[in-house]
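# No sequence on hand, only this structure:
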C-alpha cells in the first residue's frame, strides 16, 4: 500500500533539543520547503518557540516537554501561550491531568501511530519511567 505524503511524519531530534532561536528557525524553513510532510519536535526550549510563534509553519508541530525538572516559568509560559505539551509523570498523578491523549510509547516512539504529531492532541501524558 502506497503511503500518502501527508501521512509521513518526521520527528526532529530523537534526543537533543533546539540550541538557539536561529537553529529553531532553520527547522521552520526546512518544514516550509516540504509542505506535504508533517514535522514534529518535543522541546524544553520554550523561549525559542515563543520568540518564533509567528514563524512556525502549519506542518511543524512543536510540543513542549514537561518533566520534573522543568522550570515553573516555562510551565507558566506554555499555558499563557496555549502551546501543546507532553508531560511525563508518575502513573498515580496522571488521573489529575486532563489529557486528551495518554501515550504508552515510552518503550518505543511511534507505537501509537505518532499521535504526538497530531494537531488536535494538545495535552499528552505518559508514565514517567524510572
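Right, received. Where do you want to start? Owing to the predicted nature of the structure, the values given are computational and were not obtained by experimental measurement. Numbers count the residues shown, from 1 in each chain.
# Flag the shaky bits of this protein, pLDDT-wise.
The model of the chain has pLDDT under 70 over residues 1-7, 88-130.
# how about the helices in it?
For the chain, the helices defined by DSSP state H occupy 21-33, 46-51, 72-80, 91-94.
# Could you single out the most deeply buried of those?
helix 46-51 (a mean of 18; mean count of other Cβ atoms under 10 Å). Any C-beta I mention is one placed from the backbone N, CA and C, and that applies to glycine too.
# residues in contact with that helix?
Applying Cβ atoms under 8 Å, 6 or more residues apart in numbering, the contact partners of helix 46-51 are 18, 20-21, 23-24, 43, 56, 62, 64, 74, 77-78, 81, 83.
# In JSON lines, list the helices of the chain along with distance to residue 10.
Listed next are the helices of the chain as JSON lines, based on distance: least, Cβ to Cβ, whole Å:
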{"stretch": "helix 21-33", "distance to residue 10": "8"}
{"stretch": "helix 46-51", "distance to residue 10": "18"}
{"stretch": "helix 72-80", "distance to residue 10": "23"}
{"stretch": "helix 91-94", "distance to residue 10": "28"}
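# if we compare these, which one ends up closest to residue 39?
Closest to residue 39 of those, according to Cβ to Cβ: helix 21-33, at 4.2 Å.
# If you count contacts, what does the closest one end up packed against?
The contact analysis (3 or more Cβ pairs under 8 Å, 6 or more residues apart in numbering; DSSP states H and E) places helix 21-33 against strand 38-43, helix 46-51, strand 60-66.
# Give me the angle between it and strand 60-66.
Inter-element angle recorded for helix 21-33 and strand 60-66: 140 degrees (by axes from the mean of the first three to the mean of the last three Cα atoms, to 10 degrees).
# For helix 21-33, which outside residues touch it?
With Cβ under 8 Å, 6+ apart, helix 21-33 has contacts from 12, 18, 37, 39, 41, 45, 47-49, 51-52, 55-57, 59-60.
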